[in-house]
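Asker: structural data only, the sequence is not supplied:
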DNA sequence: ATTTTATTGTATTAATATGATACAATAGAA
DNA sequence: TTCTATTGTATCATATTAATACAATAAAAT
């Protein structure tokens, strides 16, 4: 029992695969890898809160992560980038695979709601019986997590959803299937990454104050950090550039604005220097 | 375009799936998830060298990682455990998923050798045309890495392999497809894990000297460690139990034997304490 | 029997990092 | 002009790490 993969696939590249299907176009199962899906946990940050982009199903109060399938002619990471772009309009952002979820019963949660959903799809004639059968198979899903500047995104619901919204982590609605566990795992990875990557680069606007950065870290770690020590530690990394002061209008000393020095940032990562809070 | 997974699967559990197929039994594609495979990077340690369990294809000098497919009625992690048990005879060892490899061209390497291979399979009549067609599809593979006490294993080649052998990391043969990259990634993860888990527990025999432990860490990290500081750091974790001295026969002070105190070890992990070298 | 040798277990010291606190500078309100 | 809250930075005690030293010791060499 052995897997000698993809040789036919390699030497007989497929034809007749429509290149860029519109979102509303009927899903053609022949174009996609069966049994595998992609789910994206897209993190954003605003109002001092860490947020995740979620979709709400039509006529149901069940939310899901932005997801999709892998075209037979695309790399899995390209599929993840495509999903991300379809929902946010953003290209080439920080996007990392973190785990593949392969339990049989991963779709048990909210099973009744999902049955209702399938009935809705059947009645809506959005998909034919073949597609519905394909969707009904067991899927293993690979989770990717992305960090984006929330204000640069244009959330777009997909064909089966009412809304595509940023939801605060501290106020998460009911999620489909095992999506809650997927979010948990993504968070764990984000927290670990925090020790190795100055993550603010992706989540904050170009210029920010030290307090902004600290609040972001506190939102991710869910614990308060000591201000002056945080400042000292980050400054010592030498990856911040200081700009003009930001007059806040408040009756106190105005903070400086900072931005990331991407060159030094890159160098730091190459050296594999981690730092923890 | 959305994935409402596995509802039919959930509510209509499959029947007629043979429970434990013998290794030599013809592969029935209907029993397995299409397009997804499992590959295991199984680490062992002997003669002060980190080793990996590899299989060599019959009549060809091409080596592969132990791998397999996911039965439609089993969790992905169970599939990985099954593969591990089939090749080593070991159950319930340290086994962790680390990455899923989904590039289209992941099988490009050694393509010619693999074509020869498919021809051999065809001629051997080991599989019928349906199975060969199934194997020829593109596969996405999820990598698991395992840590085992090499001396407790009974390596078993599979139906398509001559030998199943421990190969030193410093002396790796040519590997099929992208298996070299898979090994690299597993190593990276092992090295990161080293900062969070006292990994010796899985790779060393029950009792060992401090030098044994240090050499293991040096083999994994590929860099020398300072003896006395290594000793101090590990001792401070409080997870080692000291036993009798081991008379080495050499003309010098005999080292103590140590073993891991699994209770304290567990406690340490729960507290999430990491340590680095 | 004594000396020698290589290795082990532990101590010591200097350098560095961290946690807690202090304090001067300052933008704007009082 | 004084007051207030926040910012940037300094200070000091404590903890951690790296480098080195050294006594203990098993067995070979003398």
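Answerer: That came through fine. Predicted, not measured: the structure shown is a model, and the values here were computed from it. Numbers count the residues shown, from 1 in each chain, chains lettered A, B, ... in the order given.
Asker: how about stretch A:219-233, which residues are buried there?
Answerer: Across stretch A:219-233, burial judged by 16 or more other CB atoms under 10 Å in any protein chain shown covers A:219-220, A:230. Heads up, the C-betas are built off the backbone N, CA and C, glycines and all.
Asker: tell me the one of these nearest DNA strand C?
Answerer: Distance from DNA strand C was checked for each of the buried residues of stretch A:219-233 by CB to the nearest atom of the strand. The minimum falls on residue A:230, at 8.5 Å.
Asker: where's that closest one, which helix or strand?
Answerer: Under the criterion of DSSP states H and E, residue A:230 resides in helix A:227-237.
Asker: which other helices and strands does that helix contact?
Answerer: Using 3 or more CB pairs under 8 Å, 6 or more residues apart in numbering or on different chains; DSSP states H and E as the contact test, the elements touching helix A:227-237 are helix A:210-221.
Asker: the helix it packs on: how far from the chain's middle?
Answerer: With CA atoms, centre = their mean, to the nearest Å as the basis, the distance from the averaged C-alpha position of helix A:210-221 to the chain average is 19 Å.
Asker: what inclination does that helix have with respect to helix A:227-237?
Answerer: Helix A:210-221 and helix A:227-237 are oriented at 100 degrees to each other (axes from the mean of the first three to the mean of the last three CA atoms, to 10 degrees).
Asker: is DNA strand C contacted by helix A:210-221?
Answerer: No - using CB under 7 Å from any atom of the strand, helix A:210-221 stays clear of DNA strand C, with a minimum separation of 12.6 Å.
Asker: buried sites along that helix?
Answerer: For helix A:210-221, burial by neighbour count (16+ other CB under 10 Å) applies to A:210, A:212-220.
Asker: hang on, residue A:268 is in a strand, isn't it?
Answerer: No - judged by DSSP: H, G, I helix; E, B strand; the rest coil, residue A:268 forms no part of a strand; its state is helix.
Asker: hmm, it is touching residue A:239, no?
Answerer: Yes - contact status for residue A:268 versus residue A:239: in contact at 5.9 Å, counting by CB atoms under 8 Å.
Asker: so for the two, which residue has more residues nearby?
Answerer: residue A:239 (22 against 19; other CB atoms under 10 Å in any protein chain shown).
Asker: residues in contact with that one?
Answerer: A:198, A:260-261, A:264-265, A:268 (CB atoms under 8 Å, 6 or more residues apart in numbering or on different chains).
Asker: and for residue A:120?
Answerer: Remark: with contacts taken as CB under 8 Å, 6+ apart, residue A:120 is in contact with A:58-60.
Asker: any of these buried? List them.
Answerer: Neighbour counting over the contacts of residue A:120 (16+ other CB under 10 Å) leaves residue A:60 as the buried ones.
Asker: relative to residue A:48, which of the contacts of residue A:120 is nearest.
Answerer: residue A:60 (30.8 Å; CB to CB).
Asker: show me where chain A has helices.
Answerer: A:7-11, A:76-88, A:111-124, A:129-135, A:179-193, A:200-203, A:210-221, A:227-237, A:262-270 (DSSP state H).
Asker: ok, which of those helices comes nearest residue B:185?
Answerer: Among these, helix A:76-88 comes nearest to residue B:185, with 13.7 Å by CB to CB.
Asker: dump the buried residues of helix A:210-221 to CSV, plus distance to DNA strand D and pLDDT.
Answerer: Supplementary listing: the buried residues of helix A:210-221 in CSV, determined by distance: CB to the nearest atom of the strand, whole Å; pLDDT from 0 to 100:
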residue, distance to DNA strand D, pLDDT
A:210, 4, 96
A:212, 9, 96
A:213, 10, 96
A:214, 9, 96
A:215, 10, 96
A:216, 14, 96
A:217, 14, 95
A:218, 13, 95
A:219, 16, 95
A:220, 19, 94
